[in-house]
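Chemist: here is the input, now give the coordinates:
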Amino acid sequence: MTGRSRWKVNAPARPGLSQPKGSEASPWVSYEDVLLQGLEDSEEASAYLEAAHEDGDEAVLRLALSQVEKARGLLK
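Modeler: Okay, the predicted model is just below:
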């Protein structure tokens with residue numbers, strides 16, 4: 001597996017999600033970019049945090065919280 005495909009997902013663009021800068025010519029979309037754009041929506045973020053909490057692993061919940069904070073512009 002190459003480094004590029006290891007860190008990227010080849011997913012069709014979802015309606016309402018913009019392409020990351022510099023990716024107009026490429027069908028590859030960063031998983032993190034898609035995740036963070038999705039977590040900007042309050043309902044998506046709530047469901048994401050609930051699933052992380054149900055997992056029962058504190059590290060999973062902490063990661064989910066930091067991703068929601070990053071999506072909301074609270075973390076860099």
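
Chemist: all contacts plus neighbour counts: C-alpha atoms, from now on.
Modeler: Fine.

Chemist: helix/strand/coil for D33?
Modeler: Per DSSP: H, G, I helix; E, B strand; the rest coil, the secondary structure class of D33 is helix.

Chemist: for it, report the pLDDT, please.
Modeler: pLDDT recorded at D33 is 92.

Chemist: so what secondary structure elements neighbour the one helix or strand Q37 maps to?
Modeler: For Q37, the host element (DSSP states H and E) is helix 31-38. Judged by 3 or more C-alpha pairs under 8 Å, 6 or more residues apart in numbering; DSSP states H and E, the packing partners of helix 31-38 are helix 58-71.

Chemist: quick one: low-confidence ranges for the chain?
Modeler: Where the chain drops to pLDDT under 70, the residues are 1-26, 75-76.

Chemist: one more pass at 90, please.
Modeler: Within the chain, the set of residues satisfying pLDDT under 90 comprises 1-29, 74-76.

Chemist: ramachandran coordinates for V29?
Modeler: Per-residue torsions, V29: phi -130, psi 130 (degrees, to the nearest 10).

Chemist: how much space is there between it and S42?
Modeler: Separation of V29 from S42 (C-alpha to C-alpha, to the nearest Å): 22 Å.

Chemist: what packs against the helix or strand hosting A52?
Modeler: Under the criterion of DSSP H and E, A52 resides in helix 42-55. Using 3+ C-alpha pairs under 8 Å, 6+ apart, the elements in contact with helix 42-55 are helix 58-71.

Chemist: one more pass at 10 Å, please.
Modeler: Secondary-structure packing of helix 42-55 (3 or more C-alpha pairs under 10 Å, 6 or more residues apart in numbering; DSSP states H and E): helix 31-38, helix 58-71.

Chemist: possible to save the ones you listed as JSON lines with distance to A52 and mean neighbour count?
Modeler: Formatted as JSON lines, these follow (distance: least, C-alpha to C-alpha, whole Å; neighbours: other C-alpha atoms under 10 Å):
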{"stretch": "helix 31-38", "distance to A52": "14", "mean neighbour count": "16"}
{"stretch": "helix 58-71", "distance to A52": "5", "mean neighbour count": "17"}
